[in-house]
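[1] coords below, sequence missing:
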């Protein structure tokens, strides 16, 4: 598998569509245990990133992810902007200088992105954050030598749904303590859409 510029653009396009289509759901989830603006912020930022990337020509994947990172950091408000922006920036750094990107390179880049999220948010698995989706998905991807899109989708969905059982200890949701249990984390939901979009792109490469 060779992950190229068109794949990177298609991933962003699909992610943007899913976030836009589910903006109200993301907002509703965030109204319960957050500031209520996750859907609005994510939809605005990813739409802006999609427009920016779509209008430019790129020589390499690293530069695509760098533009995504910069746009998200500047356009997505709240905690999500710095976290998602850092993830894409680390992904960009990881792939810099590579003319050809295989599945192993992509997984390594995503792993570096996860490390960035953890460092930026001072978070780990089990705290009801987007890390609760990123880590199990990347662990699953790391165990295969080729992309397995159905497993990526299933792992992301299961991990996202499991956040319902977790008590938040990070961010705005932490103020709700035990009352945060029973609600899906908004960042985990938007991360689910991100990985669902990636799985669909990888699926398309295999057909």
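    Received the coordinates, thanks. Predicted model, so just to flag it, every value in this text is computed and none were measured.

[2] Where is the longest helix in the protein?
    Criterion DSSP state H: the longest helix present in the chain is helix 186-206.

[3] name the helices or strands packed onto it?
    helix 5-21, helix 23-33, helix 38-54, helix 80-95, helix 131-142, helix 149-162 (3 or more Cβ pairs under 8 Å, 6 or more residues apart in numbering; DSSP states H and E). C-beta: built from backbone N, CA, C; applies to glycine.

[4] Quick one: residues contacting the closest residue to residue 194 other than its chain neighbours.
    Leaving aside its sequence neighbours, residue 194 sits nearest to residue 15 (Cβ to Cβ, 6 or more residues apart in numbering; 5.1 Å). Going by Cβ atoms under 8 Å, 6 or more residues apart in numbering, residue 15 touches 46, 193, 194, 197, 198.

[5] Including distance to residue 202 and mean pLDDT, could the helices and strands packed on helix 186-206 go into a markdown table?
    A markdown table is the format used below for these (distance: least, Cβ to Cβ, whole Å; pLDDT from 0 to 100):
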| stretch | distance to residue 202 | mean pLDDT |
| --- | --- | --- |
| helix 5-21 | 8 | 97 |
| helix 23-33 | 24 | 93 |
| helix 38-54 | 19 | 95 |
| helix 80-95 | 15 | 97 |
| helix 131-142 | 10 | 97 |
| helix 149-162 | 5 | 97 |
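
[6] closest to residue 62 out of these?
    helix 80-95 (4.5 Å; Cβ to Cβ).

[7] which residues are contacting the next helix or strand after that closest one?
    As assigned by DSSP states H and E, the chain's next helix or strand after helix 80-95 is helix 103-121. Residues outside helix 103-121 that contact it (Cβ under 8 Å, 6+ apart): 1, 3, 65, 79, 82-83, 86-91, 93-95, 98, 101, 123-124, 129-131, 134-135, 138, 141-142, 145-147, 170-171.

[8] Stretch 131-142 now?
    Residues contacting stretch 131-142 (Cβ under 8 Å, 6+ apart): 87, 107, 110-111, 113-114, 117-118, 121, 123-126, 147-148, 151-152, 155-156, 158-160, 162-163, 166, 185, 188, 191-192, 195.

[9] List buried residues within those residues.
    Among these, those buried by neighbour count (16 or more other Cβ atoms under 10 Å) are 87, 107, 110-111, 113-114, 117-118, 121, 123, 125, 147-148, 152, 155-156, 159-160, 162-163, 166, 185, 188, 191-192, 195.
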